[in-house]
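A.B. asks: 3D model of this:
(chains A, B, C and D)
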2 protein chains.
Amino acid sequence: MSTIPTPAAELPTPSFSPLYQQIKSLILQSLHAGEWKPGEPIPSEIDLAARFRVSQGTVRKAIDELAAENLVVRRQGKGTFVATHAEQHVQYRFLKLVPDTGDVDTEGPAERQIVDCRRQRATADVARLLALRTGDAVLQVRRVLSYRGTPTILEDLWLPGAPFKGLTAERLAEWHGPMYAMFETEFGVRMVRAEEKIRAVLPDESQAALLGVTTATPLLSVERVAHTYHDTPMELRRGLYRTDTHHYRNELG
Amino acid sequence: MSTIPTPAAELPTPSFSPLYQQIKSLILQSLHAGEWKPGEPIPSEIDLAARFRVSQGTVRKAIDELAAENLVVRRQGKGTFVATHAEQHVQYRFLKLVPDTGDVDTEGPAERQIVDCRRQRATADVARLLALRTGDAVLQVRRVLSYRGTPTILEDLWLPGAPFKGLTAERLAEWHGPMYAMFETEFGVRMVRAEEKIRAVLPDESQAALLGVTTATPLLSVERVAHTYHDTPMELRRGLYRTDTHHYRNELG
DNA sequence: AAGTGGTCTAGACCACAAC
DNA sequence: TTGTGGTCTAGACCACTTG
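C.D. replies: All right, here's what the predicted structure looks like:
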């Protein structure tokens, strides 16, 4: 109801911090610092308990939360592993567009075509969403994804220049597999969370041409901001999805 | 990659069921049976532990999962309560359309207008989605939701006839508050999960007229199937959302 | 057989809310 | 003061994976 919400009212100062939360923060720091790389195992619960001088149960609860946030993956008998976008069964975790018939696996991966890739200066709105300053260097990419030969997704991406220094159209074209997996492997940037704003729009001439539709074809506009650790925004993506053969699927809990 | 996925490969027969899962099932049964009503407290962990002859920790883990699935709500010092759609801070949990500026609270609740409400026989597609048989009795409702005087959402609802016997346009119009809260209070049906399929579409003449837009205005088509306990589908909802002043907001973990 | 995560227990103590 | 959920511990045992 308040027009100017006071954070203090929502977060009454956590005068208290449970041990397991502190342990979780410490593990998070190590993840962020790259002490263990995506796909690698982190130390066993017993080892971590010894390192932090707490009981195994406390470490356990910390890891439980990290697993719930998809930052690590537990595997009984083997260990706990740093989550990665490269794994087969969680690939394209952030892509919610699925074919109307059959499933993602039968359709297979999309054919990708880089339309454009250039270094630019951030406009005001892009800078705001990426927590940069207007005029800061950004890398802009435009590409088309096709399924079974049909152009289905037109995406514009903006990446902050500094963390992605050295990324070029060539390297993008060479890479096979999820783009987020490349970000991990090549640039040490792991996306952990994203939020999307979805609208229905009509494409302009150039967008329609790239997707092979008319300007009277309604499309899904999906604006995504993806974050790495500590909620740092690291990618802005504006997609146009054709929804005649696919749909955006969402689960509500 | 397999064209005919074998469930057995994914679920290798849970030859084993942890105690806390069994306890969870028992609590779930009581929730479903209405032993404790929405908004009411369930017995304390100690009481439940005594009832089921297990330790408090085991009950705790069972309740933890129920809380993670939004079936119950824990409140320190007070108890654990059956979740409800009637609570202020989780109202309209399943409605992801939010205003572009300001927030849901400043905008306030929508003005509602029932356009139509009739008993019918289920068509094949409606029957399939509601796990009924073609021709079974269903209640169909059409309504318009307006924000600040602007028609924004046009919704068609289908409800299975049997569980919602006695529901009429009058009772719908009289009710103030979330529709799902009415389902709980008046019909003992609690929606716990839903899935949505989203597309971009153009409205037909009658839809456009009800929303006050032209037939060239792209709209979000949102088809939702809401489920009660045990994944029983209990509502089909097809919505058309205007996205010129609002957008569909989604979080990706 | 050894090491990992997963379950279950019992008990102590803390934070919060209500009386 | 009492009762609730929340934290932390220590130990035993189970299930799964690897060698």
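A.B. asks: Okay, helices next: where are they in the stretch 101-250 of chain A?
C.D. replies: A:104-107, A:124-129, A:169-174, A:179-187, A:205-211 (DSSP state H, counting those that start in this stretch).
A.B. asks: Off-centre distance for the shortest one?
C.D. replies: This means helix A:104-107. 21 Å (CA atoms, centre = their mean, to the nearest Å).
A.B. asks: what's the average pLDDT for that helix?
C.D. replies: The average pLDDT within helix A:104-107 is 80.
A.B. asks: Just list the residues touching the nearest residue to A:Arg148 once chain neighbours are set aside, thanks.
C.D. replies: Nearest residue to A:Arg148, sequence neighbours excluded (CB to CB, 6 or more residues apart in numbering or on different chains): A:Glu107, at 7.1 Å. Quick note: C-beta positions are derived from backbone N, CA and C, even for glycine. A:Glu107 sits next to A:Pro99, A:Tyr147, A:Arg148 when contact means CB atoms under 8 Å, 6 or more residues apart in numbering or on different chains.
A.B. asks: hmm, try it at 10 Å
C.D. replies: Applying CB atoms under 10 Å, 6 or more residues apart in numbering or on different chains, we find A:Glu107 in contact with A:Val98, A:Pro99, A:Thr101, A:Tyr147, A:Arg148, A:Thr245, A:His246.
A.B. asks: List the residues that contact the fourth one.
C.D. replies: Spelled out, it's A:Tyr147. So A:Tyr147 contacts A:Leu97, A:Pro99, A:Glu107, A:Gly108, A:Pro109, A:Ala110, A:Glu111, A:Ile153, A:Arg242, A:Thr245, A:His246 (CB under 10 Å, 6+ apart).
A.B. asks: how about a cut-off of 6 Å?
C.D. replies: A:Glu107, A:Ala110 (CB atoms under 6 Å, 6 or more residues apart in numbering or on different chains).
A.B. asks: Also the last one?
C.D. replies: With contacts taken as CB under 6 Å, 6+ apart, A:His246 has the following neighbours: A:Leu97, A:Pro99.
A.B. asks: Can I take it that A:Ala50 is in a helix?
C.D. replies: Yes. Applying DSSP: H, G, I helix; E, B strand; the rest coil, one finds A:Ala50 inside a helix.
A.B. asks: Domain parsing of chain A, as residue ranges.
C.D. replies: A:7-82, A:93-248 (automatic domain parsing).
A.B. asks: Where among these is average confidence lowest?
C.D. replies: For the domains of chain A, mean pLDDT drops lowest on domain A:7-82, to a mean of 90.
A.B. asks: for that one, the distance to its chain's centre please.
C.D. replies: Computed by CA atoms, centre = their mean, the chain-centroid distance of domain A:7-82 equals 20 Å.
A.B. asks: Quantify the burial of the nearest residue to A:Phe52 once chain neighbours are set aside by counting its neighbouring residues.
C.D. replies: Among residues not flanking A:Phe52 along the chain, A:Ile23 sits closest, at 5.5 Å (CB to CB, 6+ apart). As a burial measure, A:Ile23 scores 23 neighbours (other CB atoms under 10 Å in any protein chain shown).
A.B. asks: packing partners for the helix or strand A:Ile23 falls within?
C.D. replies: Assigned by DSSP states H and E, A:Ile23 belongs to helix A:19-33. On a contact count with 3 or more CB pairs under 6 Å, 6 or more residues apart in numbering or on different chains; DSSP states H and E, helix A:19-33 meets helix A:56-68.
A.B. asks: Can you list the buried residues in the helix it packs on?
C.D. replies: For helix A:56-68, burial by neighbour count (16 or more other CB atoms under 10 Å in any protein chain shown) applies to A:Thr58, A:Val59, A:Arg60, A:Lys61, A:Ala62, A:Ile63, A:Glu65, A:Leu66.
A.B. asks: picking up where we left off before, got JSON lines for the domains of chain A, with distance to DNA strand D too?
C.D. replies: Formatted as JSON lines, the domains of chain A follow (distance: least, CB to the nearest atom of the strand, whole Å):
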{"stretch": "domain A:7-82", "distance to DNA strand D": "2"}
{"stretch": "domain A:93-248", "distance to DNA strand D": "21"}
